[in-house]
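[1] For reference, the sequence and a predicted model appear below.
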Amino acid sequence: MKINVKITMALLALGIVAQASADNVVYLTGSTAFRSTVYNALHTVGDVFDATNPVISEVEFGGSSASGANYMLFHGTIGGTPTYIDCAWSGSEAGIASACGATLKNVDRNGSQINLAGSPETWLLADGSVTMNGYNSTNPAAAELEASSHIADIAQADTSQAVSLTPRVISTSTDLKDYGVEGVVTFTWVKNINTSPTSDWTDLVNLTLPQVDVLLGRGYEYPALFTGNNTETNRYVYLVGRNKGSGTRANTLVDHNYGPTTKSVVQFSIGYGIEEAAIANDLVLTNENNNGYESGGGVATALGINGSCQQTDPFFGKSGWFAVGYLGCSDALSHSLAVSPNWLTLDGVGESSGAIEEGQYYFWGHEHLYGRNGISGYQDTDAQVIYNGIKTSLGTSGSVAANHDAAINLVYMHCDKASDVAYPVRSAGFN
């Protein structure tokens, strides 16, 4: 992993030029696992935008829905001032890098270094030229994007900067402002859809921490390792996951004590590769080595392709194969990956809001909001409003123990993690 920190006055100037609009513009990036929660806060009158002037216009591009879109642009008033919130979601790690003016390098399946998308980011034009017509399933046209990429003002992150690929160095561009923890972001392990499953697919219902670490390091394993049935060695289970720009990936590595976020994993894609355009419902299984999907929606779409138990394994020639992957609960639920039979328990505990709140389930993270180094003026003020608005928007999220909430309000937490790499400890409450 190589990080080139290249923040200069010229780069800052680009950010200022990009804001050449009569209205204020705040550039927000980061976590795809948390974007639906941010969307709710920005979309709901009175959470971030003023309730006294309740006309909010918005447009979303790409992704599976408005709340899962790759790009979002909102316009309303904050403190009486007309303001755009310009969102581009590329993952927590890519978001932190974007706020730092850093470029994260990934390695593709062939060993070539490639820049991760979003570090820095290219944004929707916030000058009134983009039609604010709600959700569009396609990504924006080139004419709807700014001509140059530039750093973010603020970034959502599923972990703290302490474990980031772009760590904090005081008095440098990486010295970000941490507005605090907004809530808990939740994750789950899921197996791919097979409506005509084999018995070993059906038997795989649980993962243990040691099994996860083996799978992360190797990328595939016999079902027997997970099921305990020594006859289930006739096909393989493959790992589907995220690239280095992902906070979901960062949480997966540190929550399971696999290693630092710089440690390599072995992962696969379903649907014709990461670098190529996906083919709908195509069961092409590709070894991506340390690379992975840009978003949790990409993982969910891959796991949603049906029929792998009936397809010949392209690597070993065995009859059938299947896959498991890690992703945010919001993406799993929004892509029809049913809790039963697709979600897996972890060390015998199923994901639920109650299991997280009571310290039984450890696959979750603290959601931070970070501001670029030296953030000030209306960007800083509006960032604080966004931070408070997201906390308000969480409301009763987490109040029903059996639910699988994408995010949990801190008031319901009866445990906490002392750090990103710690296990939950039961306490009287988070606050």
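    That came through, no problem.

[2] what about the helices in the stretch 1-150 of the chain?
    9-18, 35-43, 92-100 (DSSP state H, counting those that start in this stretch).

[3] for this protein, what's the longest helix?
    helix 377-394 (DSSP state H).

[4] mean confidence score for the helix or strand following that one?
    As assigned by DSSP states H and E, the chain's next helix or strand after helix 377-394 is strand 407-408. Taken as a whole, strand 407-408 has a mean pLDDT of 98.

[5] Could you name the helices and strands sitting against the helix or strand that comes right after strand 407-408?
    Using DSSP H and E, the next helix or strand after strand 407-408 towards the C-terminus is strand 415-416. Strand 415-416 sits against strand 425-426, with contacts defined as 3 or more CB pairs under 8 Å, 6 or more residues apart in numbering; DSSP states H and E. All C-beta spots, glycine's among them, are computed from the backbone N, C-alpha and C.

[6] Let me see the residues that make contact with the strand it packs on.
    With contact meaning CB atoms under 8 Å, 6 or more residues apart in numbering, strand 425-426 is reached by 358-359, 414-418.

[7] go with 7 Å
    For strand 425-426, the surrounding residues in contact (CB atoms under 7 Å, 6 or more residues apart in numbering) are 359, 414-416, 418.

[8] what's the farthest-apart pair in those residues?
    Farthest-apart pair in the contacts of strand 425-426 is H414 and A418; separation 15.1 Å (CB to CB).

[9] which one of the two has more residues nearby?
    H414 (15 against 9; other CB atoms under 10 Å).

[10] thought that one was touching A355?
    No - counting by CB atoms under 7 Å, H414 sits too far from A355 to count as a contact (11.2 Å).

[11] So for those two, which residues contact both of them?
    In contact with both H414 and A355: no residue, using CB under 7 Å, 6+ apart.

[12] immediately after the top strand by length along the chain, which helix or strand?
    Ranked by residue count and defined by DSSP state E, the top strand of the chain is strand 177-191. Following strand 177-191 in sequence order, the next helix or strand is helix 199-203 (DSSP H and E).

[13] how far is that next one from where the chain is centred?
    29 Å (CA atoms, centre = their mean, to the nearest Å).

[14] Then stretch 415-430?
    For stretch 415-430 - counting by CA atoms, centre = their mean - the centre lies 22 Å from the chain centre.

[15] Low-confidence stretches in this structure?
    Residue ranges of the chain with pLDDT under 70: 1-21, 277-280, 428-431.

[16] what's the spacing between the most far-flung residue of it relative to its centre and V324?
    Taking CA atoms, centre = their mean, the residue of the chain most remote from its mean C-alpha position is T231, at 36.6 Å. Counting by CB to CB, to the nearest Å, the separation of T231 from V324 is 20 Å.

[17] about what we covered before: for the contacts of strand 425-426, which one is nearest I56?
    Out of these, the member with the shortest distance to I56 (by CB to CB) is D416, at 34.2 Å.

[18] The residue farthest from the centre of the chain and N206: what is the separation?
    18 Å.

[19] and what of R235?
    For R235, the distance to N206 - CB to CB - is 18 Å.

[20] neighbour-wise, which of those two wins?
    Higher neighbour count among R235 and N206: R235, with 22 against 17, using other CB under 10 Å.

[21] what about that one, distance to V59?
    Note on R235: its distance to V59, by CB to CB, is 45 Å.

[22] And A33, by the same measure?
    22 Å.

[23] higher neighbour count, the two?
    Shown here are A33 and V59; by other CB under 10 Å, A33 has more neighbours (32 against 21).

[24] and the more buried one, what is it in contact with?
    158, 185, 187, 247-248, 296, 328, 330-331.

[25] Let's have those residues in CSV, adding secondary structure, neighbour count and distance to S65.
    Below are these laid out as CSV (DSSP: H, G, I helix; E, B strand; the rest coil; neighbours: other CB atoms under 10 Å; distance: CB to CB, whole Å):
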residue, secondary structure, neighbour count, distance to S65
D158, coil, 30, 20
V185, strand, 29, 18
F187, strand, 29, 19
G247, helix, 34, 20
T248, helix, 32, 18
G296, helix, 33, 13
G328, strand, 34, 14
S330, helix, 27, 10
D331, helix, 29, 11
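
[26] Which of these sits closest to R218?
    Closest to R218, out of all of those and judged by CB to CB, is T248, at 19.9 Å.

[27] isn't the closest one right up against Y326?
    Yes - with contact defined as CB under 7 Å, T248 and Y326 form a contacting pair (6.3 Å).

[28] Quickly list what's touching both of these two.
    Common neighbours of T248 and Y326 (CB under 7 Å, 6+ apart) are F187.

[29] Next up, phi/psi of the closest residue to S246 other than its chain neighbours, please.
    In space, and not counting its chain neighbours, S246 is closest to G91: 4.2 Å by CB to CB, 6 or more residues apart in numbering. Note on G91: its backbone torsions stand at phi 110, psi 150 [degrees, to the nearest 10].

[30] what's near enough to touch G91?
    By CB under 7 Å, 6+ apart, the contact list for G91 reads 31-32, 118, 245-247, 294-295.
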